[in-house]
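1. curious how this folds, go ahead:
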Amino acid sequence: MAKLSASVSDLVPVSEAAEIAGVHPRTILKRIEEGKLVAERMGARTFMVLRSSAEEYASTVSNRSKRKRADKASAAIQQQQRPTKRK
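-> Okay, the predicted model is just below:
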């Protein structure tokens, strides 16, 4: 995790980053550990996340969710189109 040169107004707490991304705060902490989110440690157990990093992560989460829904819908359509076996 690199030192940030962002102003305090550009940083948000983990809970707010989670709201921005639409995920659980634990997910945000995992992504910080993985280096997927830019954050600054502010104390022994406190992180502040760069707002732009949280917003960028939110767009990837959103796109992934859309793809999953589209894949499920496509699979359901294919399942309906398959001929059923008769006994």
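
2. helix, strand or coil: sort out the residue most central in space within the chain for me.
-> For the chain, Val61 is the residue whose C-alpha lies nearest the centre (Cα atoms, centre = their mean; 4.2 Å). For Val61, the assignment made with DSSP: H, G, I helix; E, B strand; the rest coil gives helix.

3. you'd agree it is up against Ala21?
-> Yes - Val61 is in contact with Ala21 according to Cβ atoms under 8 Å; the separation is 5.4 Å. C-betas here are computed from N, CA, C, even on glycine.

4. and the pLDDT for the nearest residue to Val49 once chain neighbours are set aside?
-> Spatial nearest neighbour of Val49, chain neighbours left out: Ala17 (4.0 Å); criterion: Cβ to Cβ, 6 or more residues apart in numbering. Looking at Ala17, its pLDDT reads 94.

5. ok, the one 10 residues further on next?
-> What the model reports as pLDDT for Thr27 is 94.

6. also Ile77?
-> Reading off the confidence values, Ile77 has pLDDT 71.

7. so what secondary structure elements neighbour the helix or strand containing Thr27?
-> Assigned by DSSP states H and E, Thr27 falls within helix 25-34. When contacts are defined as 3 or more Cβ pairs under 8 Å, 6 or more residues apart in numbering; DSSP states H and E, helix 25-34 packs onto helix 14-21, strand 47-50.

8. next structured bit after that helix?
-> Following helix 25-34 in sequence, per DSSP H and E, is strand 39-41.

9. state the distance from Gln81 to Leu29.
-> 43 Å (Cβ to Cβ, to the nearest Å).
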